[in-house]
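[1] Following is a predicted model, sequence given first.
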Amino acid sequence: DTEVTQTPKHLVMGMTNKKSLKCEQHMGHRAMYWYKQKAKKPPELMFVYSYEKLSINESVPSRFSPECPNSSLLNLHLHALQPEDSALYLCASSPLRDREPTDTQYFGPGTRLTVL
Amino acid sequence: AQTVTQSQPEMSVQEAETVTLSCTYDTSESNYYLFWYKQPPSRQMILVIRQEAYKQQNATENRFSVNFQKAAKSFSLKISDSQLGDTAMYFCAFRETYGGATNKLIFGTGTLLAVQP
């Protein structure tokens, strides 16, 4: 089973709202990722978690706050977003070997976020 | 820094025909992984095929195969017997082996493939 699930599928929020995106995998992967993708562009890496610890933050604004409560779950908390933050947010996971990520990342279906 | 280039923004192919998508990359590393991902209009990124640089043999997965030319730093994807369901954006991606804690994928800009009936 190579399934990564994401909820919700669609989210519309105002600039003053607080919302969260959720990602879940049950493949035993210990590395999880958040990507942002604009239309017809490649995904841009935002965050990487390894063994539930944040290992990479690609200079993402603080209005995006990731959280990894356990090895299967990854959240992205959103607050005071801007209209330019509207995008597809993709979650991915990959195995870890010797505490370094192995090669293949498996992606979820994404959450389409619209900020009004 | 590693870069990945897909020089064909859009391509079209007739159903049942064969099409080849191009990808070139630049790296000073000798060992790495290369991937093709497919993203249909449904938007899920699906792994199509992967290639380990130290393996000379070209990877194949059913109708999908690659032509990996390490010296030329070229990694093209061939789709045989194209089907309507192959309509998607195709991204070529590169990852260093043991890239530390990042496992950062470097994506190309994508090729939008349309399969015509």
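    The structure has been received and is ready for your questions.
[2] Next one: the most centrally placed residue in chain B, what pLDDT does it get?
    In chain B, the centroid-proximal residue (Cα atoms, centre = their mean) is residue B:36; its distance is 3.0 Å. Listed pLDDT for residue B:36 reads 97.
[3] quick one: it from residue B:81, how far?
    17 Å (Cβ to Cβ, to the nearest Å). The C-beta positions use only the backbone N, C-alpha and C, and glycine is treated the same way.
[4] Show residues contacting stretch B:27-34.
    A:103-104, B:2, B:23, B:25, B:50-54, B:66, B:68, B:73, B:75, B:92-97 (Cβ atoms under 8 Å, 6 or more residues apart in numbering or on different chains).
[5] Buried residues in it, which are they?
    B:27, B:32, B:33, B:34 (16 or more other Cβ atoms under 10 Å in any protein chain shown).
[6] Buried ones among the contacts of stretch B:27-34?
    By 16+ other Cβ under 10 Å, those give A:103-104, B:23, B:25, B:50-51, B:53, B:66, B:68, B:73, B:75, B:92-96 as buried.
[7] Which helix or strand contains residue B:91?
    Here residue B:91, judged by DSSP states H and E, is contained in strand B:88-96.
[8] Helix or strand next in line after that strand, which one?
    Downstream of strand B:88-96, the next assigned helix or strand under DSSP H and E is strand B:106-107.
[9] Please see if the very next helix or strand once past that next one touches chain A.
    The helix or strand immediately downstream of strand B:106-107 is strand B:111-116, counting by DSSP H and E. Yes: interface with chain A: strand B:111-116 contributes residue B:112 (Cβ under 8 Å from any Cβ of the partner chain).
[10] neighbouring strands for strand B:111-116, and are they parallel or not?
    Next to strand B:111-116 in the sheet, as set by DSSP bridges, lie strand B:10-14 (parallel), strand B:88-96 (antiparallel).
[11] For these, give me CSV that also has mean pLDDT.
    What follows is the strands paired with strand B:111-116, written out as CSV (pLDDT from 0 to 100):
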stretch, mean pLDDT
strand B:10-14, 97
strand B:88-96, 92
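[12] Put together JSON lines for these, with distance to residue A:91 on each row.
    As requested, the strands paired with strand B:111-116 are exported to JSON lines (distance: least, Cβ to Cβ, whole Å):
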{"stretch": "strand B:10-14", "distance to residue A:91": "28"}
{"stretch": "strand B:88-96", "distance to residue A:91": "16"}
